[in-house]
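> Below: sequence and its predicted model.
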Amino acid sequence: MILFNDMAILKKIFFYTFLLGCLQFISGQKYVRLSVDNDLYFLTDRYYSSGIFLSYGYKKIKQVDELDSLDNSTYVHWHLGQEVYTPARLQTKDLSKLDYPFGGWLFIEREVHKYLNKNTAYAWGIQIGTTGDESLAPWMQNFYHLNFLKLPRVTWEAAMPQEIHLNINVNMKKKFILEEKFYFLSDFFSSLGTQKTTIGAQFGFFMGKTNRFSFMGNPLKSKGDNGLSFYIGSRQEYRFHDYMISGSLFNDSANFTLPSRKYRSSFQFGASLNKDKWEILAMISNTSRDNENQLFFRHTYLNISISKYL
């Protein structure tokens, strides 16, 4: 684990690295995106409760002697994200009644997608971020609860402590054309880090007239397409380590932890609408337990992503 005593260093890293990504004055394909996860659409507020992500990406310009094709194209994505985790009982201070630790995760990520051909890509990325009060999750959730939902203050009792984390992510993405408007998409992923270490696969069927990888994380593959598309699939994962539940591998500074469930699965259903320079994507995820103490067997949340092509 990387340790910094002065949190101002982390704030400077967040600011300058995200600014560097957003000020890439490169001609060609670019996008900005706002993506929000939340379970309040299903009248719940627990476990993976919410996520907010701001993204900027662009296609790298090829050398003049290269052919203008989809083969060997490279895309760079910058993400600034915050995730919030809470137990089912939000107002209790009794640790024996908590079925999930309170936790926040604030990070910045640089991700690169390299396409071997129009149907195959691999990706790698690096995340650096913080948990605890510096994640701003307690302030964000209570601000929303008090001012918009008119709900009591969330206790954030024995929340996961403030620590700096580093994750390295690797993906292999593949599209199989079954029919003219019917594809099979796969994404094999892995992550190695102090915040999480995991391996797994996401796979499903895509139906629509567009030639896209948008459901696999690259909105620029949808640029220029117009129409409605659908996706149905599943995500299977084996998580070796999850700081947000079981705490650090290197110390026992957390006041409250639970044994993390290694195998996790989710079912997904999504739809996207492309019109000119905009894409709106919605994805429902129904997930299994993250730990055996959870009062509810499964958890459902909705992602809404809005992308603007530049």
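Looks like it arrived, so ask away.

> Using CSV, write out the CA atom coordinates for stretch 178-190.
Output of stretch 178-190 as CSV, limited to C-alpha atoms (Å, rounded to 0.1, in the frame of the first residue of the first chain):
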residue,chain,number,x,y,z
LEU,A,178,-24.0,-13.8,-35.2
GLU,A,179,-26.4,-12.0,-37.5
GLU,A,180,-26.4,-8.6,-39.2
LYS,A,181,-28.1,-7.0,-36.1
PHE,A,182,-27.3,-9.6,-33.5
TYR,A,183,-23.9,-9.8,-31.7
PHE,A,184,-22.3,-11.6,-28.7
LEU,A,185,-20.1,-9.4,-26.6
SER,A,186,-17.5,-10.5,-24.1
ASP,A,187,-15.2,-8.7,-21.7
PHE,A,188,-12.7,-10.7,-19.6
PHE,A,189,-11.3,-8.4,-16.9
SER,A,190,-8.9,-8.4,-14.0
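
> Can you give the distance of it from its chain's centre?
20 Å (CA atoms, centre = their mean, to the nearest Å).

> List the buried residues in that stretch.
Residues of stretch 178-190 classed as buried by neighbour count (16 or more other CB atoms under 10 Å): 183, 185, 187, 189, 190. Placement of C-beta: from N, CA and C, glycine included.

> so, if you compare those residues, which one comes nearest to residue 287?
residue 189 (15.6 Å; CB to CB).

> partner strands of the strand or helix carrying that closest one, parallel or antiparallel?
Here residue 189, judged by DSSP states H and E, is contained in strand 182-193. Applying DSSP bridges to the sheet, strand 182-193 is found paired with strand 164-179 (antiparallel), strand 196-207 (antiparallel).

> any chance of the ones you listed in TSV, plus mean pLDDT and distance to residue 54?
Listed next are the strands paired with strand 182-193 as TSV, based on pLDDT from 0 to 100; distance: least, CB to CB, whole Å:
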stretch	mean pLDDT	distance to residue 54
strand 164-179	94	18
strand 196-207	95	21
